[in-house]
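Participant: predicted coordinates and the sequence they were generated for:
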Amino acid sequence: MPKHDHPIRTRYAPSPTGPQHIGGIRSALFAWLFARRHGGQFILRIEDTDQKRSVPGSVEQIMAAFDWLGVDIDEGPRIGGDYGPYVQSQRLEMYQQWANWLVAQGHAYRCFATSEELAEMRKAGRGYDRRYRDFPAEHSDEQAAQGMPHVIRFKMPLAGRTRGCDMIRGEVAFDNAQLQDAVLLKSDGFPTYHLAHIVDDHTMRISHITRAVEWLPSFPLHLQLWHAFGWEMPQYAHLPVLLNPNGKGKLSKRKQQFADSRGKTVPVLMQEFQAAGYLPEAVVNFLTNIGWNFGDDQEVFAVKAAIPRFDLQAVNPANSAYPIAKLDWLNSQWVQRLPADDLARRLKPVLEAAGYAVDEALLREVAPSLKVRLKSLNDVVGMAGFFFENWSEFTPPAAEILIQRKMDAASTLAILRGALPVLESLEDFSAEAQYSAFSAYAASSGQKNGAVFGSLRAAASGQKVSPPTFDTMQILGKAESLRRVKLAVAALENAAP
RNA sequence: GCCCCAUUCGUCUAGCGGCCCAGGACGUGGCCCUCUCAAGGCCAAAACAGGGGUUCGAGUCCCCUAUGGGGCACCA
């Protein structure tokens, strides 16, 4: 590993095609981690040289995604920096200038082939036949001066091998004879990725280029291009990609969330993760754990702790099936580790989105008992939404919810009736006090705890599944709890007098 | 078709020649705990793709095959 006397600078260079895909974000995350690890900079650059594919508002979406994840950007559009502009369509002159320089140096040439000619060559078999590679310079200059449409192509060596070093895979080699004279500058004056990324990465002083493995086949072209320019070459790292959960095909082909073979929703867009109620900490943890690992058999960790340990060379070169099931577990781990007030803060918008007017003090009381029960933030609605209903409008649940397993209306009625004086007698209404009072009540009335506690749960919460009964009643308060149990008693009396 | 890359439990991974009759995690199954749901604890099943080498010794190095992924655009 050669020592770098230049600062470490990495970049994420997406096309502005709209919502951010998890695959791209993962690559960006690795680049960011590497930059942070070495105290360097992380740059955002927009590669909008294919105008047809540009979607307005993309930059905002990209930045929002990073913001949510906690990935901070040092330089980029809307942020600025010393090496801008950070949008390729604003750097056109630079590419044209360097493309012409390559032509002047004899490393590239103008190609006047029409798209019809190209289509024919493709049909015939081997792609572009380099028919303008040795076109005399004076003719080429003349035709260009006459305004004849043309592209600029790179003169790839015709024989030999191009060798390069990939930080993740080590040495890679390619036969030059296999490679084509790639287009560097399109006839509309826009550069292709090949030219643009090199000019940009050079002028932006990028030290390490990270990109997905699908770029590996064009790596030799890039190697030759760096050589032709005579510029000091950054290190390249071709990152493995995410495959579909079944291991078949690239995940990046999926344009939005989908259901896997077991019917589980598999999110792929950043906004889908957010909407599904995942914590950004968990998502980062999840992504960092694919193709790289923290070490010490530790699965749950914060990015902050990962940074000092991160290394591109330790990245697993193999692509991996998207282990989405692990995210649910990771998310619940993170929810459990969150301080209650923090959890409450994050739950608030979820409840509001579900239509509840949220009392923050109440939420903070509820939060502790939710910690071990939420896989996703969204689970709060089903589990504890009832706390945020208008209490005065509470209606007792149907008999099938009130009546516990192996019980009937009569026995449930008996339990609840008997529970009323117990409730009333409680001066200390803490969950602990309730617990001892009601276990004593259960014992004396010959009932199992489960029967008593369960009946009370249903009466107080209106649900079969809820936070622990006495936590629930403590939060509801004595008066409200009593009122609800009475309502349940009345309901049962009406149903089966 | 040609080229490139990869290949350890179902999945994510540890392993960089002896510490491995292969470790962790998710998931799955069982048991325990238990007022529901969870969480937690314990246990279990589960892998070095196949074949050749190299070596005293190979999951670890080399070759071949197979499989998977990717690339062969005036898209990135």
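Facilitator: That came through fine. Quantities reported herein were computed from a predicted structural model and do not represent experimental measurements.

Participant: burial of residue A:385, as a residue count?
Facilitator: Residues within reach of residue A:385, counting by other Cβ atoms under 10 Å, total 15. Backbone N, C-alpha and C define where each C-beta goes, glycine included.

Participant: isn't it right next to residue A:352, touching?
Facilitator: No. Using Cβ atoms under 8 Å, residue A:385 is not in contact with residue A:352; the gap is 11.4 Å.

Participant: so residue A:254 is in contact with residue A:244, correct?
Facilitator: Yes. The criterion here is Cβ under 8 Å, and residue A:254 meets it with residue A:244 at 7.3 Å.

Participant: quick one: stretch A:271-284 to chain centroid distance?
Facilitator: In terms of Cα atoms, centre = their mean, to the nearest Å, the centre of stretch A:271-284 is found 7 Å from the chain centre.

Participant: and it with RNA strand B, contact?
Facilitator: No. Stretch A:271-284 stays clear of RNA strand B (Cβ under 7 Å from any atom of the strand), getting no nearer than 12.3 Å.

Participant: distance of residue A:425 relative to RNA strand B?
Facilitator: Distance, residue A:425 to RNA strand B, using Cβ to the nearest atom of the strand, to the nearest Å: 19 Å.

Participant: contacts only, for that residue.
Facilitator: residue A:437 (Cβ atoms under 8 Å, 6 or more residues apart in numbering).

Participant: same check on the one 4 residues further on?
Facilitator: Contacts here follow Cβ under 8 Å, 6+ apart; on that basis residue A:429 touches A:473, A:474, A:477, A:478, A:481.

Participant: number of nearby residues for the fourth one?
Facilitator: For residue A:478, the number of neighbouring residues by other Cβ under 10 Å comes to 16.

Participant: ok so, going back, just the ones in helices from the contacts of residue A:429, please.
Facilitator: By the criterion of DSSP state H, membership of those in helices covers A:473, A:474, A:478, A:481.

Participant: tell me, how many residues neighbour the first one?
Facilitator: Just to be clear, that refers to residue A:473. Neighbour tally, residue A:473, other Cβ under 10 Å: 27.

Participant: residue numbers of the stretch 1-150 of chain A in contact with RNA strand B?
Facilitator: A:13-15, A:47, A:49-50, A:53, A:113-115, A:118, A:122, A:127-128, A:149.

Participant: out of those residues, which sit inside helices?
Facilitator: Taking DSSP H as the definition of helices, those contribute A:115, A:118, A:122.

Participant: out of those, which are buried?
Facilitator: Among these, those classed as buried by 16 or more other Cβ atoms under 10 Å are residue A:118.

Participant: let me have the ones in helices among the residues of the stretch 1-150 of chain A next to RNA strand B in a markdown table, extended by pLDDT.
Facilitator: Compiled in a markdown table, those are given as follows (pLDDT from 0 to 100):
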| residue | pLDDT |
| --- | --- |
| A:115 | 90 |
| A:118 | 92 |
| A:122 | 86 |
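
Participant: just curious, which of the ones in helices among the residues of the stretch 1-150 of chain A next to RNA strand B is nearest to residue A:109?
Facilitator: residue A:118 (15.6 Å; Cβ to Cβ).

Participant: now the closest one, nearest residue through space, not along the chain?
Facilitator: residue A:128 (6.6 Å; Cβ to Cβ, 6 or more residues apart in numbering).

Participant: now do that neighbour, the pLDDT please.
Facilitator: Listed pLDDT for residue A:128 reads 92.

Participant: burial check on it, number of neighbours?
Facilitator: Residue A:128 has 18 nearby residues by other Cβ under 10 Å.
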